[in-house]
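Enquirer: structure for this input, please:
(one chain, ligands or ions: 2)
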Amino acid sequence: MAAAAAAAAAVKRVVVTRALPAATMARLTSRPDIAVTAWEAEGAMPAAALGAAVAAGGGAAGVVCMLTDAIDAALLDASPALRVVSTMSVGYNHIDVAACKARGVSVGYTPGILTDATADLVVALLLATARRLPEAWSAVKSGEWSSWSLFWMAGKAVAGATVGIVGAGRIGSAVGRRLRGFGCPILYTGASGRKPELEAELGGGATYAPLDDLLAASDFVVVLCSLSPATRGLFNRDRLLRMKPDAVLINASRGEVVVQDDLVAVLRERPTFAAGLDVTTPEPLPTDSPLLTLPNAVVLPHIGSSTTACRTEMADMAVRNVLAALDTGTPLLAVPL
Ligand code: NDP
Ligand code: DGY
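Expert: Numbering: from 1, shown residues only. Ligands and ions are numbered 1, 2, ... in the order given. Modelled structure (predicted):
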């Protein structure tokens, strides 16, 4: 009896906030020392359900979460047994990492795995916005296409245009590499100054510039910085107006990096200015958002990493991170705390 009680006590519970692929779930369910509480319904796990699941039965030891789950101090305090929070994302602005650190809870994430998928999507969004693809396709469907015409649906040239990358980290650098293939000179800026290796890799085609210089000189500005107190609201009216009047802003970082009302105003005032957004505030973007009425805005539903292969690998890494943390104390890919 005592042995059975000890075995039961040794079982650690892991809460998983979305339905994950079966092979990935099997990593958890095949372990006799792990019990799983999984949210199986469509969509995000409601915060109250997540809190209750974390608190239940003496408390969960691990949580596999998504960027849609707010992991705050109150949630962490719901389980004294909590050892790890593992997010299926590279961005971790939805997690209070300081609160995790204070409680000895490690944080796993999925850097690198989604770099190529996201960089591909960013280039697709940049091209779609520059060349007005959604507008053109709508015109075909609505019958607005009357004849071939000189400047009808004329867009902005990408080849050879100057591209400014705000946040030349893993994904920003991958976008730079792709756009060098289009002959684009790259300007970049970030938190940590010049990156000689990136400049060498891009064969002298990348140059560091302070943010305001980058904004003034770029035909396309691609935002791929992480969301933090320093970057929240970075693209306010003042910074948007520092960009060329016919520039294109691409944001695939987090919606909160851009002051969306300011962007809407600038898009209205400057019909030659355009924006391509994979991220918005809020998400999902309400269908009555003014952004959706503007011909010079292209909005995607946060699909940067959304290839089947990439999402499968991200889910798998999120689970492997939680298991590694429970087994060894450290996720395989750990957010530095
Ligand atoms: P990295 O950590 O490699 O890159 C983050 C970048 O942000 C770095 O280049 C860093 O600069 C820069 N940065 C940090 N603070 C500032 C600041 N104050 N001003 C300017 N730049 C700053 O992360 P990844 O490239 O892997 O991912 C970047 C972000 O992209 C994620 O945090 C996430 O928000 C978003 N993302 C969105 C996806 C989507 O589906 N749309 C998919 C994946 C990620 P420096 O290099 O100089 O230190
Ligand atoms: C991330 O990983 O941060 C993205 O936003 C979703 O893949």
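Enquirer: use CA for all of it now, contacts and neighbours both
Expert: OK.
Enquirer: report whether stretch 312-329 contacts ligand 1.
Expert: No - Stretch 312-329 lies out of reach of ligand 1 by C-alpha under 6 Å from any ligand atom, never closer than 10.8 Å.
Enquirer: please renumber so the chain begins at 39
Expert: Let's use 39 as the start, then, which means that last one is stretch 350-367.
Enquirer: what comes up buried for that stretch?
Expert: 351-364 (16 or more other C-alpha atoms under 10 Å).
Enquirer: what does stretch 332-349 give?
Expert: For stretch 332-349, by 16+ other C-alpha under 10 Å, it's 333-338, 340, 342-343, 348-349.
Enquirer: repeat that for stretch 95-105.
Expert: Buried residues in stretch 95-105, counted by 16+ other C-alpha under 10 Å: 97-105.
Enquirer: pull up the distance across that stretch, start to finish.
Expert: 25 Å (C-alpha to C-alpha, to the nearest Å).
Enquirer: close to ligand 1, is that stretch?
Expert: No - Stretch 95-105 lies out of reach of ligand 1 by C-alpha under 6 Å from any ligand atom, never closer than 9.6 Å.
Enquirer: can you map out the strands along the stretch 239-375 of the chain?
Expert: With DSSP state E, counting those that start in this stretch, the ranges of strands along the stretch 239-375 of the chain come out as 244-246, 258-261, 286-289, 312-315, 335-337.
Enquirer: stretch 245-256 close to ligand 1?
Expert: No - Stretch 245-256 does not reach ligand 1 (C-alpha under 6 Å from any ligand atom); its nearest approach is 7.8 Å.
Enquirer: ok, and what's touching that stretch?
Expert: With contacts defined as C-alpha atoms under 8 Å, 6 or more residues apart in numbering, stretch 245-256 is touched by 199-202, 204, 224-227, 231-233, 237, 259, 277, 280-282, 285.
Enquirer: ditto for stretch 148-160
Expert: Residues from elsewhere that reach stretch 148-160 (C-alpha under 8 Å, 6+ apart): 125-128, 208-210, 212-213, 288, 290, 341-345, 348-349, 351-352, 355-356, 371.
Enquirer: ok, the closest residue to residue 103 other than its chain neighbours - contacts?
Expert: Using C-alpha to C-alpha, 6 or more residues apart in numbering and skipping the chain neighbours, the partner closest in space to residue 103 is residue 125 (4.7 Å). Neighbouring residues of residue 125 by C-alpha under 8 Å, 6+ apart: 102-105, 145-148, 356.
Enquirer: looking at the buried residues of stretch 350-367, which are in helices?
Expert: 351-364 (DSSP state H).
Enquirer: neighbouring contacts of stretch 58-66?
Expert: For stretch 58-66, using C-alpha under 8 Å, 6+ apart, the contacting residues are 72-74, 350, 353-354, 357-358, 361.
Enquirer: kindly export that stretch (C-alpha atoms) in PDB.
Expert: Provided in PDB are the C-alpha atoms of stretch 58-66 (Å, rounded to 0.1, in the frame of the first residue of the first chain):
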ATOM      1  CA  LEU A  58      -1.500  18.500 -30.000                       C
ATOM      2  CA  PRO A  59      -0.500  15.900 -32.600                       C
ATOM      3  CA  ALA A  60      -1.000  12.300 -31.300                       C
ATOM      4  CA  ALA A  61       2.700  11.400 -31.700                       C
ATOM      5  CA  THR A  62       3.600  14.400 -29.500                       C
ATOM      6  CA  MET A  63       1.000  13.700 -26.900                       C
ATOM      7  CA  ALA A  64       2.300  10.100 -26.800                       C
ATOM      8  CA  ARG A  65       5.600  11.400 -25.400                       C
ATOM      9  CA  LEU A  66       3.600  12.400 -22.300                       C
END
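Enquirer: which positions in that stretch come out as buried?
Expert: Applying 16+ other C-alpha under 10 Å to stretch 58-66 flags 58, 62-63, 66 as buried.
Enquirer: on the C-terminal side of the helix or strand bottoming out on mean pLDDT in the chain, identify the next helix or strand.
Expert: Lowest on mean pLDDT, DSSP states H and E among the helices and strands of the chain sits helix 40-48, with a mean of 60. Using DSSP states H and E, the helix or strand that follows helix 40-48 in sequence is strand 50-54.
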